[in-house]
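Q: Sequence and predicted structure below; questions after.
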Amino acid sequence: IDDQVKIRGFRIELGEIESILRQAPGVTDCAVVARAIPDQEVSLVGYLVLDTSPEPAIKEIRRFLQSKLPDYMVPSALAVLDELPVNTNQKVDRNALSKLSPETLAPSRSIDPPRNEPERKLVAIWKSLLEIPSIGVKDDFVDLGGTSLQTVSMIIEIEKAFGRSIPLSVLLTERTIEKLAAALGPDMGERPAVVFLRKGSGLPVFFIHAGDGEILVYQRLALRLRGDHPVYGIQPRNRKDCPILHTRLGEMIDYYFDEILKRQAAGPYFLGGLCTGGLIALEIARKLQSLGHTVGMVALIDTAYFNEPLKSLAKKRLQNFTASFATDGREQSLPSRAMGILRKAGRKIWRVVAYESRHQAEAARDALKVKLLRYFVDRDRPLPPFAQDVPAYLVLANAEKEYVVPEPYRGELLLFRATEKDERVDEMVEDTPYVERYDDPLLGWEKNVTSVKVQDVPGGHVSLLMEPYVRTLAERIQAHIDAAMQRSRVPVQNI
């Protein structure tokens with residue numbers, strides 16, 4: 001059997017997975033094969049021989065793999081054997097492993113059935129997404145093999161089934177159906193502004209929520225940084241009827257600044273964020289600097305400068321329209337061709353005007369929604385129904401547009417530019433790199449700050465934080481953190 005297989009469009013070396021699996025606590029021997037498992041398509045299966053004193057929990061081994069491997073390389077099932085079968089040459093008999101009974105692949109575990117309608121809805125959603133026939137309310141989404149893209153799909157399905165939106169970051173703390181159902185209930189209240197993405201004992205790293213208010217997007221990056229760093233995600237402050245309480249960037253900066261100081265009293269500080277999160281990280285760094293603190297890193301992850309102009313859609317359409325004249329109707333007489341051009345121009349102009357009018361109307365409606373939300377939040381009043389559906393991304397976009405930038409930041413900034421979108425990710429979320437969305441390839445930074453170091457990394461606007469692309473980003477960020485620690489004479493632990 002070939003040690004190289006193709007799963008979900010990815011070519012995978014089984015030996016690479018086995019090498020990592022042997023490093024997992026308590027694993028003495030292992031083998032990975034690709035085979036069909038009950039109620040699923042062909043998937044990766046890991047067979048383990050474990051140290052019996054004490055025997056590690058399968059979920060801990062799975063979490064270890066998830067911290068070391070991209071989602072598509074983590075086996076869908078892990079089975080424990082007393083020993084691996086070998087052939088006459090005393091090598092692992094992969095054919096024998098592929099023929100083991102289905103019961104071996106799905107060791108018995110207690111299944112706690114759903115007790116109410118929300119739990120039943122969630123069980124149905126998880127079964128469909130994870131393609132697992134039996135799921136209990138105490139099962140952990142990540143332990144069952146849930147991936148980043150499946151998390152996004154689950155949030156979409158929850159919105160359809162429950163008629164309400166929840167932040168992706170809920171999955172950082174409410175990873176079982178039991179807890180998730182409770183979080184979806186009427187008593188869901190304020191969530192913590194600062195969430196552990198990964199615990200550690202060294203100097204922390206803080207990632208500020210992206211332009212949609214989410215922090216789950218940083219989870220794979222957190223796991224890819226060196227293990228001694230505690231990694232925090234900072235998300236918008238909320239309350240039961242409002243997903244985001246701060247409607248001005250200055251309010252967010254002050255609040256997040258205070259939360260960071262509660263967890264780290266002295267520098268160097270390591271900050272970063274995707275798009276809007278990068279801008280907020282910059283302003284927090286500015287405030288830290290003004291109070292005499294050392295800032296070791298500001299990582300701008302595919303972030304454009306404040307109010308940097310996007311590429312004009314109307315201009316692009318005009319260019320395409322002009323180019324089309326060069327080839328249209330060359331075989332026609334000049335008067336006929338002129339009439340054809342005029343008719344075509346009339347249709348194109350009408351479409352552009354209609355688009356711009358619609359776009360301006362939508363922008364005005366969104367700005368009004370944010371102003372109404374601000375009115376009630378500023379007065380600490382309950383939100384009326386029409387103000388409760390204002391998404392965080394509208395509030396953040398409006399806050400960014402209003403913000404008045406102080407003097408230029410005195411320090412080096414790191415700009416990580418995404419280079420190419422992942423089509424699979426782009427089907428679910430906008431993954432076009434910012435260099436393709438903005439006129440300035442440097443996204444406005446060079447003309448507005450004193451020092452910016454630009455690094456191109458693989459992946460799109462969102463997928464650069466997903467496997468396999470996030471490895472490169474994590475390596476670059478870790479290298480900068482290590483250099484900053486050495487400059488500050490902070491001991492750098494060995495990996």
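A: Received the coordinates, thanks.
Q: Leaving out sequence neighbours, find the closest residue to the residue nearest in space to the middle of the chain.
A: With distances taken as Cα atoms, centre = their mean, residue 217 lies nearest the centre of the chain, 1.9 Å away. Of all residues not flanking residue 217 in the chain, residue 465 sits nearest, at 5.2 Å (Cβ to Cβ, 6 or more residues apart in numbering). Yep, even glycine has a C-beta here, placed from its N, CA and C like the rest.
Q: How many residues are close by residue 379?
A: 7 (other Cβ atoms under 10 Å).
Q: Double-check that residue 456 belongs to a strand.
A: Yes - membership of residue 456 in a strand is supported by DSSP: H, G, I helix; E, B strand; the rest coil.
Q: ok so, going back, is the residue nearest to the centre of the chain in a helix, a strand, or coil?
A: Residue 217 - assigned by three-state DSSP - is helix.
Q: same deal with residue 417?
A: strand.
Q: Tell me if I'm right that the residue nearest to residue 217 and residue 301 touch.
A: Yes - shown here, residue 465 and residue 301 form a contact pair, counting by Cβ atoms under 8 Å, at 7.3 Å.
Q: Which residue ranges of the stretch 351-495 of the chain form strands?
A: Counting by DSSP state E, counting those that start in this stretch, the stretch 351-495 of the chain has strands at residues 413-418, 452-457.
Q: Output those strands in TSV, with distance to residue 167, mean pLDDT and mean neighbour count appended to each entry.
A: Below are the strands of the stretch 351-495 of the chain laid out as TSV (distance: least, Cβ to Cβ, whole Å; pLDDT from 0 to 100; neighbours: other Cβ atoms under 10 Å):
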stretch	distance to residue 167	mean pLDDT	mean neighbour count
strand 413-418	23	97	22
strand 452-457	26	96	16
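Q: Output those strands as TSV; include the columns distance to residue 256.
A: Listed next are the strands of the stretch 351-495 of the chain as TSV, based on distance: least, Cβ to Cβ, whole Å:
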stretch	distance to residue 256
strand 413-418	18
strand 452-457	22
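Q: which stretches of the stretch 201-350 of the chain have low pLDDT?
A: 312-350 (pLDDT under 70).
Q: how about the strands in it?
A: 205-208, 231-234, 269-274, 295-301.
Q: Can you add mean neighbour count and distance to residue 161 and give these back as JSON lines?
A: Supplementary listing: the strands of the stretch 201-350 of the chain in JSON lines, determined by neighbours: other Cβ atoms under 10 Å; distance: least, Cβ to Cβ, whole Å:
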{"stretch": "strand 205-208", "mean neighbour count": "27", "distance to residue 161": "30"}
{"stretch": "strand 231-234", "mean neighbour count": "25", "distance to residue 161": "26"}
{"stretch": "strand 269-274", "mean neighbour count": "27", "distance to residue 161": "28"}
{"stretch": "strand 295-301", "mean neighbour count": "26", "distance to residue 161": "32"}
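Q: And those: which comes nearest residue 134?
A: strand 231-234 (32.1 Å; Cβ to Cβ).
Q: which helices and strands sit right next to that closest one?
A: strand 194-198, strand 205-208, helix 219-224, helix 249-263 (3 or more Cβ pairs under 8 Å, 6 or more residues apart in numbering; DSSP states H and E).
Q: Compare these and give me the one nearest residue 426.
A: With Cβ to Cβ as the measure, helix 219-224 is the member of those nearest residue 426 (17.7 Å).
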